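J.: predicted model and sequence follow; I will ask about them next.
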Amino acid sequence: MSGHGSPIPMRSQKCGPLSGVAEVPGDKSISHRALILGAMAVGETRITGLLEGQDVLDTGRAMRAFGAEVTDLGDGTWTVHGVGVGGFTEPDNVIDCGNSGTGVRLLMGAVATTDMCVTFTGDASLNGRPMARVTDPLALFGTQAVGRRGGLLPMTIVGAADPVPVRYTVPMPSAQVKSAVLLAGLNAPGQTQVIEREATRDHTERMLAGFGAEITTQDTDEGRVITLTGQPELRPQTIAVPRDPSSAAFPVCAALITPGSDVLVPGIGLNPTRAGLFTALREMGADLTYENMREEGGEPVADLRARFSADLKGIEVDPARAASMIDEYPILSIVAACATGQTVMRGVKELRVKESDRIAAMATGLRACGVTVEDGDDWWIVHGLGHGEIPGGATCVSHLDHRIAMSFLVLGMVTHAPVAVDDGGPIATSFPVFESLMAGLGADISRTA
């Protein structure tokens with residue numbers, strides 16, 4: 001079942017060249033953070049290009065429940081009248097975060113140091129994902145968390161009435177954990193420090209600085225030390241959200257593997273903590289170029305041009321790059337299946353605890369389509385068959401995971417027989433215009449029920 005309704009079975013089949021301009025939605029990570037920090041500022045924050053997928057809309061509803069005034073002005077433009085750091089009010093009802101792990105973990109951090117009680121829940125997928133990785137460090141502030149056995153949602157957070165600053169080393173590469181601790185640190189006195197041994201996406205640090213927080217980063221022998229001075233008055237901002245590189249990955253990869261394709265994807269955020277996929281694709285021999293490189297809203301941006309690449313080769317992906325492309329491994333595995341030779345992906349255990357076990361989901365579906373895949377706890381290997389050699393013909397299970405569904409629909413564009421997914425409904429959580437955008441480029445994707 002989809003997290004927001006009945007299943008939507010979908011099917012993709014071989015198509016002609018993809019061509020045109022793919023205007024993908026705004027960045028999901030930045031959209032979440034813009035709404036949350038806008039609600040914690042004093043005054044009106046204006047956001048353009050906001051992703052209006054279900055995940056972000058759920059975060060917007062949560063901000064309203066916490067007392068901020070959130071207004072949709074149309075065409076991706078929103079305003080948030082914030083209540084200031086520590087100004088949230090206790091909501092009347094349970095906060096439903098739908099399918100969004102980013103949303104719920106950031107919101108837990110945002111309320112952790114305010115004297116209030118909030119219960120969070122989500123859909124079946126989100127309620128099966130681990131929350132202790134966030135609630136454990138939040139407990140250091142004095143926050144209490146009570147959930148289901150195993151640290152699962154539904155979960156009630158009791159914010160610390162008298163929070164203390166913390167110094168916390170993140171045990172795994174996780175921008176969500178880092179960001180939750182930093183958001184909690186906003187309403188704690190003194191300096192809160194987060195140490196990460198491997199750099200992860202830094203949208204929270206960049207945006208905190210933009211809103212006027214006193215925040216510094218320093219590379220040390222311990223790792224990357226981020227120091228935040230608590231209890232600032234955040235200043236409202238005007239934020240232009242760049243287009244999401246994780247969403248851009250789908251039309252880009254589809255163009256690379258579909259004969260004759262030439263697709264331009266404009267205005268994509270190329271934050272170095274997010275752009276690992278594009279580096280890996282170019283290492284494989286992809287005809288992928290950056291045009292009109294610029295900076296918007298403090299983030300590097302460029303237009304991406306992807307052309308069909310007939311001679312893709314398997315590679316060993318640098319494990320140090322995993323954090324910068326963790327959400328893109330499913331679609332990378334599709335490209336790997338169309339390449340020649342093995343593509344080896346290591347240091348990716350985080351894929352086991354995403355919206356689904358993404359290694360298991362992709363491995364099962366690829367095998368059903370005739371591709372050999374090996375996998376272990378934190379690694380997997382795709383044995384590429386080369387261009388035009390994948391049988392296809394399977395119905396793949398999406399496991400309520402938007403990226404699994406979109407990845408297999410891209411695969412169906414180049415297989416001998418169509419590829420189906422049992423439920424494409426979750427795609428709306430991050431990429432609500434996926435079907436129409438891909439159809440506009442020339443893809444043949446249809447709903448089958």
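T.: Yep, it's here.
J.: helices of this protein, start to end?
T.: For the chain, the helices defined by DSSP state H occupy 28-40, 54-65, 101-111, 132-139, 175-185, 203-210, 245-257, 276-283, 329-338, 358-368, 402-411, 434-441.
J.: mind checking which of the ones you listed is nearest Gly20?
T.: Among these, the nearest to Gly20 by Cβ to Cβ is helix 434-441 (5.1 Å). C-beta coordinates here come from the backbone N, C-alpha and C atoms, glycine included.
J.: and that closest one, what does it pack onto?
T.: strand 19-21, helix 245-257, strand 444-447 (3 or more Cβ pairs under 8 Å, 6 or more residues apart in numbering; DSSP states H and E).
J.: who wins for proximity to His383 among the helices of the chain?
T.: helix 329-338 (8.2 Å).
J.: tell me the mean pLDDT over the closest one?
T.: Per-residue pLDDT over helix 329-338 has a mean of 98.
J.: what is that helix packed up against?
T.: So helix 329-338, by 3+ Cβ pairs under 8 Å, 6+ apart, packs with helix 245-257, helix 276-283, strand 340-346, helix 358-368, strand 379-385, helix 402-411.
J.: put together JSON lines for the helices of the chain, with distance to Arg321 on each row.
T.: Shown next, in JSON lines, are the helices of the chain (distance: least, Cβ to Cβ, whole Å):
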{"stretch": "helix 28-40", "distance to Arg321": "17"}
{"stretch": "helix 54-65", "distance to Arg321": "25"}
{"stretch": "helix 101-111", "distance to Arg321": "20"}
{"stretch": "helix 132-139", "distance to Arg321": "22"}
{"stretch": "helix 175-185", "distance to Arg321": "15"}
{"stretch": "helix 203-210", "distance to Arg321": "18"}
{"stretch": "helix 245-257", "distance to Arg321": "14"}
{"stretch": "helix 276-283", "distance to Arg321": "4"}
{"stretch": "helix 329-338", "distance to Arg321": "11"}
{"stretch": "helix 358-368", "distance to Arg321": "17"}
{"stretch": "helix 402-411", "distance to Arg321": "18"}
{"stretch": "helix 434-441", "distance to Arg321": "25"}
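J.: which of the ones you listed sits closest to Val263?
T.: Once those are compared by Cβ to Cβ, helix 245-257 is nearest, at 4.0 Å.
J.: angle of that closest one against helix 402-411?
T.: 20 degrees (axes from the mean of the first three to the mean of the last three Cα atoms, to 10 degrees).
J.: now helix 245-257 against helix 276-283, angle please.
T.: Using the same axes, to 10 degrees, helix 245-257 lies at 20 degrees relative to helix 276-283.
J.: elements contacting helix 245-257?
T.: Helix 245-257 packs on strand 262-269, helix 276-283, strand 287-296, strand 299-307, helix 329-338, helix 402-411, helix 434-441, going by 3+ Cβ pairs under 8 Å, 6+ apart.
J.: please repeat the previous calculation with a cut-off of 6 Å.
T.: Applying 3 or more Cβ pairs under 6 Å, 6 or more residues apart in numbering; DSSP states H and E, we find helix 245-257 packed against strand 262-269, strand 299-307, helix 329-338, helix 402-411.
J.: TSV for the helices of the chain, including mean neighbour count?
T.: Shown next, in TSV, are those (neighbours: other Cβ atoms under 10 Å):
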stretch	mean neighbour count
helix 28-40	28
helix 54-65	23
helix 101-111	27
helix 132-139	20
helix 175-185	27
helix 203-210	22
helix 245-257	28
helix 276-283	20
helix 329-338	27
helix 358-368	22
helix 402-411	30
helix 434-441	19
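J.: closest to Gly223 out of the ones you listed?
T.: Comparing the helices of the chain by their distance to Gly223 (Cβ to Cβ), the top pick is helix 175-185, with 11.1 Å.
J.: now for the closest one, which elements pack on it?
T.: helix 101-111, helix 132-139, strand 167-170, strand 191-196.
J.: so which of these comes closest to Ala337?
T.: helix 101-111 (26.5 Å).
J.: give me the contact list for the closest one.
T.: Residues outside helix 101-111 that contact it (Cβ atoms under 6 Å, 6 or more residues apart in numbering): 32, 36, 55, 58-59, 62, 97, 118, 120, 129, 134, 157, 159, 176, 179-180, 183-184.
J.: tell me the mean pLDDT over that helix?
T.: 97.
J.: got the angle between it and helix 175-185?
T.: Using the same axes, to 10 degrees: helix 101-111 against helix 175-185 is 20 degrees.
J.: that older thread, take the helices and strands packed on helix 329-338 and lay them out in a markdown table including distance to Ser333.
T.: Output for the helices and strands packed on helix 329-338, formatted as a markdown table (distance: least, Cβ to Cβ, whole Å):
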| stretch | distance to Ser333 |
| --- | --- |
| helix 245-257 | 10 |
| helix 276-283 | 11 |
| strand 340-346 | 7 |
| helix 358-368 | 5 |
| strand 379-385 | 5 |
| helix 402-411 | 7 |
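J.: from Asp375, how far off is Met284?
T.: Using Cβ to Cβ, to the nearest Å, Met284 is found at 20 Å from Asp375.
J.: which one's more surrounded, those two?
T.: Met284 (25 against 18; other Cβ atoms under 10 Å).
J.: now for the residue lying closest to the more buried one once chain neighbours are set aside, how many residues are close by?
T.: Spatially, and ignoring its direct neighbours in sequence, Met284 is nearest to Leu312 (4.9 Å; Cβ to Cβ, 6 or more residues apart in numbering). Leu312 has 25 neighbours, counted by other Cβ under 10 Å.
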